[in-house]
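Peer 1: model the structure of this input:
(one chain, ligands or ions: 1)
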Amino acid sequence: MPVLVLHNIRSAHNVGSMFRTADGAGIGRIILSGYTPGPVDPHGKVRKDFIKVSLGAETFVPWDRSKQLSPALKKLKAEGYTIVAVEQTENSISVFDYKNKPYEKLAIVMGNEVRGINKQSLKHCDLAVEIPMRGKKESLNVGVACGIALFTLLKK
Ligand code: SAH
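Peer 2: Numbering: from 1, shown residues only. This next block holds a predicted model:
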């Protein structure tokens, strides 16, 4: 099953939104890395802002944590995953041009709302895909980008 990796996402609303989308798009597991908030805070209290947006999706999609991104990506690589960064980089190709690999072994990485995915972590990714922007803004909200990327990369 495809894996979604959420690295250093700041907003619990965005993470909740991506959990709901991941469930809808057929993601089998979510890895939260760095400081990305989960459905429960460090004191064991349910995060209201998270579950308000996820609407319970965290009970359907298994998830775990990795303190750092690079070891998580190395592990996925060793398990035979193709790692796709959803990011605008010098070498990124349009997500609409991505030629589907068997999607059971795809790991899809989303980055921080302001800084994106850092260069060091991008080195562990097999390729980067971007969503072409047609207006004046240079990027999309991470949850919106995630929705477009998941349903495009995982289309049957
Ligand atoms: N680097 C962006 C800010 C990050 S947007 C900037 O310079 O403005 C937050 C995250 O959303 C990114 O890490 C990426 O995963 C995703 N994202 C947003 N817009 C995107 C696009 N047009 N193509 C691919 N990913 C995008």
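
Peer 1: for the ligand, give me its nearest residue in the chain.
Peer 2: When CB to the nearest ligand atom is the measure, the chain has its nearest residue to the ligand at residue 111, with 2.7 Å between them. C-beta coordinates here come from the backbone N, C-alpha and C atoms, glycine included.

Peer 1: could you report the neighbour count for the nearest residue to that residue once chain neighbours are set aside?
Peer 2: Computed as CB to CB, 6 or more residues apart in numbering, the closest residue to residue 111 that is not its neighbour in sequence is residue 117, at 3.5 Å. Close neighbours of residue 117, defined as other CB atoms under 10 Å, add up to 23.

Peer 1: who's in contact with residue 117?
Peer 2: Listed by CB atoms under 8 Å, 6 or more residues apart in numbering, the contact set of residue 117 reads 7, 69, 85, 87, 109, 110, 111, 125.

Peer 1: where do the helices of this structure begin and end?
Peer 2: Counting by DSSP state H, residue ranges of the helices within the chain are 12-25, 48-54, 69-78, 119-122, 142-153.

Peer 1: since that was my last question, I'll sign off now.
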